[in-house]
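Peer 1: from the sequence below, what's the structure:
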Amino acid sequence: MPYTREELDWMEAEWAFHLHGRQAFMSRDDFLQLQVWDGEGVPADAVVGAMEAFFERRAKRVKPRTWVALSHLVKDVAKAAALRAALGKTEGPDGDVSGWGAVKEPLRLDPRARAAFEAWKRWQAKAPSPDAPGFLDHYDEERRLFRELLSLAEAALLDSAAPLRASLKARLGESRLQEGTLVWKRAWDHHWCRMVCETWGIT
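Peer 2: Got it, this is the predicted structure:
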């Protein structure tokens, strides 16, 4: 299925987000690369995840290249696609809930959060293939279970939530996204979930 206009806008916004707005619009070659991934059936969120992996690695370099293009993400996108395929084949029917041991305290000691994490992971493991009739309903329920976990993780942030929100709002502002738009909300949700999960060590 071709990328929707919303997905294209989202990927372009994420590109600008990582470049602090200095390269807010993709080049013609970048859009051609997106067409290649589109033709290969690579989901938009996998491309966004590959951007994060690429820019995390780039930030650790002493002298990162000043010019970047989507073609530099080819290996990261391939890894993301391969990982998805591997997880779909090897994850057990009950889901892997061992990751809760790596979650930081005090959230790790909250029995409600642990139960929410385990319910989310077990439901993830039961996901049907994307072309199965019940896939969308299953996905909606998986997102609902994740939001339950996220709400508990957010509440546990207490006073540290405000500076995290301020930081994210500033970053989105650098990307020249108009606050309140559909793409802005999608970018906010994506990065806020990531920030909360990274804070607690939820994977």
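
Peer 1: domain parsing for the chain?
Peer 2: 5-89, 93-200 (automatic domain parsing).

Peer 1: count of neighbours near the residue nearest to residue 186 when sequence neighbours are not counted?
Peer 2: Leaving aside its sequence neighbours, residue 186 sits nearest to residue 10 (CB to CB, 6 or more residues apart in numbering; 5.3 Å). C-betas here are computed from N, CA, C, even on glycine. Look at residue 10: counted by other CB atoms under 10 Å, it has 21 neighbours.

Peer 1: quick one, phi psi at the closest residue to residue 103 other than its chain neighbours?
Peer 2: Here the nearest residue to residue 103 in space, its sequence neighbours aside, is residue 201; by CB to CB, 6+ apart that works out to 5.0 Å. Main-chain dihedrals, residue 201, degrees, to the nearest 10: phi 80, psi 30.

Peer 1: same check on residue 177?
Peer 2: The phi/psi pair for residue 177 (degrees, to the nearest 10) is phi -90, psi 140.

Peer 1: ok, it touching residue 186?
Peer 2: No: using CB atoms under 8 Å, residue 177 is not in contact with residue 186; the gap is 9.8 Å.

Peer 1: of the two, who's got more company?
Peer 2: In this view residue 177 and residue 186 are compared by other CB under 10 Å, and residue 177 has more residues nearby, 22 against 18.

Peer 1: mind listing what that one touches?
Peer 2: Residue 177 is in contact with 13, 16, 17, 183, 184, 187, counting by CB atoms under 8 Å, 6 or more residues apart in numbering.

Peer 1: so where does the last one fall, helix or strand?
Peer 2: Mapping residue 187 onto the secondary structure by DSSP states H and E places it in helix 182-200.

Peer 1: for that helix, packing partners?
Peer 2: Under the contact criterion of 3 or more CB pairs under 8 Å, 6 or more residues apart in numbering; DSSP states H and E, helix 182-200 touches helix 5-18, helix 135-155, helix 161-174.

Peer 1: looking at the ones you listed, which is buried most?
Peer 2: Mean neighbours per residue, mean count of other CB atoms under 10 Å, is largest over the helices and strands packed on helix 182-200 for helix 5-18, with a mean of 19.

Peer 1: I would like the residues contacting it, please.
Peer 2: The set of residues that contact helix 5-18 without belonging to it, under CB under 8 Å, 6+ apart, is 3, 23-26, 30, 34, 44, 47-48, 51-52, 55, 70, 171-172, 174-177, 182-184, 186-187, 190-191.
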